[in-house]
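Novice: starting from these lines, generate the structure:
(2 chains)
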There are 2 protein chains.
Amino acid sequence: MTEPLQTGATIGILGGGQLGRMLSVAAARLGFRTHVFEPGANPPAADVAHAVTTASYDDHSALTAFANACDVVTFEFENIPTEALDVVEAITPIRPGREALRISQDRLMEKTYLSDLGLQVAPFADVTDAATLEAAVAEIGTPAILKTRRFGYDGKGQLRLKGGEDLAATWAEMGGAPCVLEGFVDFTAEISVIAARSATGEVACFDPGENVHRDGILHTTTVPARISNAQRTDAVLLAGRVLNALDYVGVMGVELFVTPQGLIVNEIAPRVHNSGHWTQNGCTVDQFEQHIRAVAGWPLGDGQRYADVVMTNLIGNDMDRVPDLARARDTALHLYGKAEVKAGRKMGHVNQIIRG
Amino acid sequence: MTEPLQTGATIGILGGGQLGRMLSVAAARLGFRTHVFEPGANPPAADVAHAVTTASYDDHSALTAFANACDVVTFEFENIPTEALDVVEAITPIRPGREALRISQDRLMEKTYLSDLGLQVAPFADVTDAATLEAAVAEIGTPAILKTRRFGYDGKGQLRLKGGEDLAATWAEMGGAPCVLEGFVDFTAEISVIAARSATGEVACFDPGENVHRDGILHTTTVPARISNAQRTDAVLLAGRVLNALDYVGVMGVELFVTPQGLIVNEIAPRVHNSGHWTQNGCTVDQFEQHIRAVAGWPLGDGQRYADVVMTNLIGNDMDRVPDLARARDTALHLYGKAEVKAGRKMGHVNQIIRG
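Specialist: Take a look at the predicted model:
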């Protein structure tokens, strides 16, 4: 796949959540159709997709038909079974590439990869049983966080160790899943860089945003982040190094801790990222369109920030705020169309724009 | 229908062109689903709609099923057969109301209505045959434009009279359709006001844009229009008067001629309007979302202009410019996904943003 996609071409999206929904809208803005593959019924992305396949990731015939209907395939989350990707990739190119997925699907591999690239990461150790957990705690100390190597997100699959725990019981609580123990990082801020790389190797990063979490879920992203120009440059160069090393095509979210010892990479997400939602109201071309451009073989667009923005996630009953937010000045609502409000469920987000 | 629509509600859209497409995206942004009704296959709006009905406007059972599936119905063009609207309205509310449609579907009725409201319009006369055409030319003079009363758009169904024509032949050329003869207006600029009115009677207008046509089709809209503050106020008040008189709910495009004798209303369009596409990159809430908000019984959003914008339509082979436009700074592309390029066909538009 070397030529840019033409108007009317179809971009496949694995996963039908809100990220797929906003990717689909961005694809439509550039004249593309989308085909969403999602196991769950009535996913948010289906409301704005040209076609939807409702099937599980082990349904090889559905995956084959899906791949045949698409000119290129991308994804909105990283925990896609490898076998499903094999089926798709035998037919249609997958962007970003498999390598980024392989690495980001596994916390141990990810930390090892980033560390080998010369980037700072939190102290970490492989944990495969109660004995290696004992050894890891002895090496890294507490406080620390025990995380499953795979399938964790929004604070799921994580246990905090304060010290003094019965480590055999702790290990049992993780249910036998391979884990990594991460040392605590003493940071002044958590920022993220939303970085994009085109098929021709052009790299562009959005201005770093500063993140605040609540209950393990992103609460707000504020741009600009309160960091120095030198830190901003470091963050952008660091993100570019990761994208180039992976020969990455698309948008990646790179979460960083700001510390007196420099920037420490927390994690990378090989997809559009919640902390990049501010770009919808702060840039001419947002993270979703930037990803679609890259995946479609187009040049990257103008992602320069033209306003300060505070993005706030609307989680669960935060939806009660919508009537007031709908009346507010300089306020853009983005709702995901999820009918059922649940505690901890991301229902939408709101961008508060501060113009200069 | 008095309560605001909730997340997950369905908005029906009669017509599946690019206006329906952009309305559908705006609806999704607020958490609504859309159901598009369109006779043609593969319409642009279908790529971003939750559901699509492909049926003609005289298929009453399809219209009934469509209306039953929707919480409210709107439209993206004004030439919808009255009987189709009757079928829908018996089941589901239509916004904006029928009165605006009835008037704007007929140039003679529209000019009479606006004139009766105390607004200035071009000199006009009813033409029903060769004899009334003779009389109309004698009264209004030439140059003048003979237009069919119904179903004209983008310069179609129009003939220019320079004077000296064989009026019997001219009349024959119009094929017997009832017409209106309009006198030429000597204007310094054509502007349009994109005006919105909510279900509670709140009115908000976008900043007037200045339009340039080519071959009878809108070429560019530039904001701000080069008009005085007094003219801007006049334009906005005038648009508000039309919306209030019609008890209108939704967005209306009001085209005005700027003349030394004041503003003369060219025409009104009871829908989102091509000359309002600049709002996508010049306002926090664009014309499409403003229309959806009104139709859904929501408050209007913040439509204040934050940048200067030049909107240029991409017509036919203008699509050849897309690769260059895709690389340009401060430039937002909006393509409609129409696979086949035809002369005179609106394929997309581009917003060039000039920041202060």
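Novice: which residues touch A:Ile80?
Specialist: By Cβ atoms under 8 Å, 6 or more residues apart in numbering or on different chains, the residues touching A:Ile80 are A:14-15, A:57, A:101. For the C-beta atoms, the positions are set from N, CA and C on the backbone; glycine is no exception.
Novice: shaky segments in chain A?
Specialist: A:1-2, A:152-156, A:356 (pLDDT under 70).
Novice: and the helices in chain A, which stretches?
Specialist: Ranges of helices in chain A, per DSSP state H, are A:18-29, A:60-69, A:82-89, A:98-104, A:107-116, A:130-140, A:167-173, A:229-245, A:287-295, A:322-325.
Novice: how about the contacts of A:Ile80, which pair is most distant?
Specialist: Within the contacts of A:Ile80, two members stand farthest from each other by Cβ to Cβ: A:Tyr57 and A:Leu101, at 13.2 Å.
Novice: which residue does the stretch 101-250 of chain A have closest to chain B?
Specialist: A:Glu202 (10.0 Å; Cβ to the nearest Cβ).
Novice: quick one, domains of chain A?
Specialist: Under the assignment automatic domain parsing, the domains of chain A span A:10-94, A:123-183, A:189-354.
Novice: tell me how far the longest one lies from the chain's centre.
Specialist: For domain A:189-354, the distance between its averaged C-alpha position and the chain's averaged C-alpha position is 9 Å (Cα atoms, centre = their mean, to the nearest Å).
Novice: over to the shortest one?
Specialist: Relative to the centre of its chain, domain A:123-183 is centred 23 Å away, using Cα atoms, centre = their mean.
Novice: show the end-to-end separation of it, please.
Specialist: In domain A:123-183, first residue to last residue: 5 Å (Cα to Cα, to the nearest Å).
Novice: for the first one, same thing?
Specialist: Start and end residues of domain A:10-94 are separated by 13 Å (Cα to Cα).
Novice: point me to the residue of the stretch 51-200 of chain A nearest chain B.
Specialist: Taking Cβ to the nearest Cβ, the stretch 51-200 of chain A has A:Ala51 as its residue nearest chain B, at 9.2 Å.
Novice: that residue: neighbour count?
Specialist: 16 (other Cβ atoms under 10 Å in any protein chain shown).
Novice: wouldn't it be in contact with A:Phe37 here?
Specialist: No. The pair A:Ala51 and A:Phe37 does not pass the contact test of Cβ atoms under 8 Å, sitting 9.5 Å apart.
Novice: burial count for the residue of the stretch 101-250 of chain A closest to chain B?
Specialist: 11.
Novice: got TSV for the helices of chain A, with mean neighbour count too?
Specialist: As requested, the helices of chain A are exported to TSV (neighbours: other Cβ atoms under 10 Å in any protein chain shown):
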stretch	mean neighbour count
helix A:18-29	28
helix A:60-69	17
helix A:82-89	17
helix A:98-104	19
helix A:107-116	18
helix A:130-140	17
helix A:167-173	15
helix A:229-245	18
helix A:287-295	29
helix A:322-325	15
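Novice: let's have these in TSV, adding distance to A:Asn42.
Specialist: Below are these laid out as TSV (distance: least, Cβ to Cβ, whole Å):
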stretch	distance to A:Asn42
helix A:18-29	12
helix A:60-69	17
helix A:82-89	21
helix A:98-104	26
helix A:107-116	32
helix A:130-140	41
helix A:167-173	34
helix A:229-245	34
helix A:287-295	21
helix A:322-325	21
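Novice: buried residues, stretch A:294-304. List them.
Specialist: By neighbour count on 16 or more other Cβ atoms under 10 Å in any protein chain shown, the buried set for stretch A:294-304 is A:294-303.
Novice: go on, stretch A:173-186?
Specialist: Buried residues in stretch A:173-186, counted by 16+ other Cβ under 10 Å: A:174, A:178-183, A:185.
Novice: with distance to B:Leu237 added, can I get those in TSV?
Specialist: Below are the buried residues of stretch A:173-186 laid out as TSV (distance: Cβ to Cβ, whole Å):
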residue	distance to B:Leu237
A:Met174	68
A:Pro178	69
A:Cys179	68
A:Val180	66
A:Leu181	68
A:Glu182	63
A:Gly183	66
A:Val185	60
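Novice: count the residues that sit near whichever residue of the stretch 1-150 of chain A sits closest to chain B.
Specialist: Among the residues of the stretch 1-150 of chain A, A:Gly31 lies closest to chain B, at 3.2 Å counting by Cβ to the nearest Cβ. When neighbours are defined as other Cβ under 10 Å, A:Gly31 has 25 of them.
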